[in-house]
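Chemist: Sequence and predicted structure below; questions after.
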Amino acid sequence: MLITVPRDALPGIDDPVLTVISGMDGGDTVYDCVGTWNFNYTEPPSPAGAYRVNPYVHDVAVRAVTISKTIVCQTYSLKVNITVKHRGDYNETVQVKVYFNDTAVETQSVELQPQEEKLITIECYANVDKGLYFTSGYALPVPYESATANNKLKDGSIIVSMVGDVTGPDGWPDGKVNMRDIGAIARCFGSQEGDPDYNANYDIVYDGKINMRDIGLAARHFGETDP
Ligand SMILES: [Ca+2]
Ligand SMILES: [Ca+2]
């Protein structure tokens, strides 16, 4: 059976997918017809009855990626905020991955209703080699999704440093844990997230507070240099 839907019937839809919705029982059957304006399927709709044709789109997108730190010590954590937008017409469960360069470091699933936009926060541990990474959020394509160019967004970068090395002469980790690092953390001692003197980069044990756990951790690595 071939159903042809006039192009004018699908305003603003680039990649229609045909749904045949049973008028009898409310169940629906999806025929994957991406990329064509002619919907061709070999089996007639079943059960027999009244049907209507609904073009719809499966399309999820990552709209924004922000990171809570620019420096994270190896094996410790940061938070990645990802704004996910559902541009389709049916409820979807979307798997969202955080990438450091090409390495997926964490995955979280999110339920999205039609046209819903959600901000999700994913805690990620820096179980990767030391170095500079570009961060990306990637919403795995949902079934029948064809518009996947907007599923991945690269934004922000993170330096993964040796434990305790949170700064250096130019403000970035320098491969040494010395008084510059201890002093930087000590100057924020007692601060909490939201305070003007709080600096997430110095909150190594990432709990929103800069306290003895952070200073003590750096102190235990005092004198170490990056091999
Ligand atoms: Ca340092
Ligand atoms: Ca802390």
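Modeler: Thanks, I have it. Ligands and ions are numbered 1, 2, ... in the order given.

Chemist: what's the span of stretch 63-79, first residue to last?
Modeler: This stretch, stretch 63-79, spans 17 Å end to end (CA to CA, to the nearest Å).

Chemist: swap that for stretch 199-216, please
Modeler: Start-to-end span of stretch 199-216 (CA to CA) is 17 Å.

Chemist: Pull out the buried residues from it.
Modeler: Neighbour counts over stretch 199-216 (16 or more other CB atoms under 10 Å) mark 199, 200, 201, 202, 203, 204, 206, 209, 210, 211, 214, 215 as buried. Quick note: C-beta positions are derived from backbone N, CA and C, even for glycine.

Chemist: So which bits of this structure are right by ligand 2?
Modeler: Within the chain, the positions near ligand 2 by CB under 5 Å from the ion are 203, 205, 207, 209, 214.

Chemist: I'd like those residues written out as a markdown table, with secondary structure and pLDDT added.
Modeler: As requested, those are exported to a markdown table (DSSP: H, G, I helix; E, B strand; the rest coil; pLDDT from 0 to 100):
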| residue | secondary structure | pLDDT |
| --- | --- | --- |
| 203 | coil | 98 |
| 205 | coil | 97 |
| 207 | coil | 97 |
| 209 | strand | 98 |
| 214 | helix | 98 |
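
Chemist: ok, so of the residues you listed, who is nearest residue 133?
Modeler: Ranked by distance to residue 133 (CB to CB), the residues of the chain next to ligand 2 are led by residue 203 at 18.9 Å.

Chemist: quick one: low-confidence ranges for the protein?
Modeler: Along the chain, the model assigns pLDDT under 70 to residues 1-57.

Chemist: quick one, strands of it?
Modeler: All strands of the chain, identified by DSSP state E, fall at 2-4, 17-22, 28-31, 38-40, 51-56, 60-67, 71-73, 77-86, 92-100, 103-112, 117-125, 131-139, 152-161.

Chemist: Comparing the ones you listed, which comes out most buried?
Modeler: Highest mean neighbour count among the strands of the chain (mean count of other CB atoms under 10 Å): strand 71-73, with a mean of 26.

Chemist: Now do that strand: which elements does it pack against?
Modeler: Contact partners of strand 71-73 among helices and strands, from 3 or more CB pairs under 8 Å, 6 or more residues apart in numbering; DSSP states H and E: strand 152-161.

Chemist: Who are the contact partners of the closest residue to residue 223 other than its chain neighbours?
Modeler: Computed as CB to CB, 6 or more residues apart in numbering, the closest residue to residue 223 that is not its neighbour in sequence is residue 177, at 6.7 Å. Contact partners of residue 177, counting by CB atoms under 8 Å, 6 or more residues apart in numbering, are 162, 163, 164, 165, 218, 221, 222, 223, 224, 225.

Chemist: quick one: which of the residues you listed is nearest to ligand 2?
Modeler: Of all the contacts of residue 177, residue 218 has the smallest distance to ligand 2: 11.0 Å, by CB to the ion.
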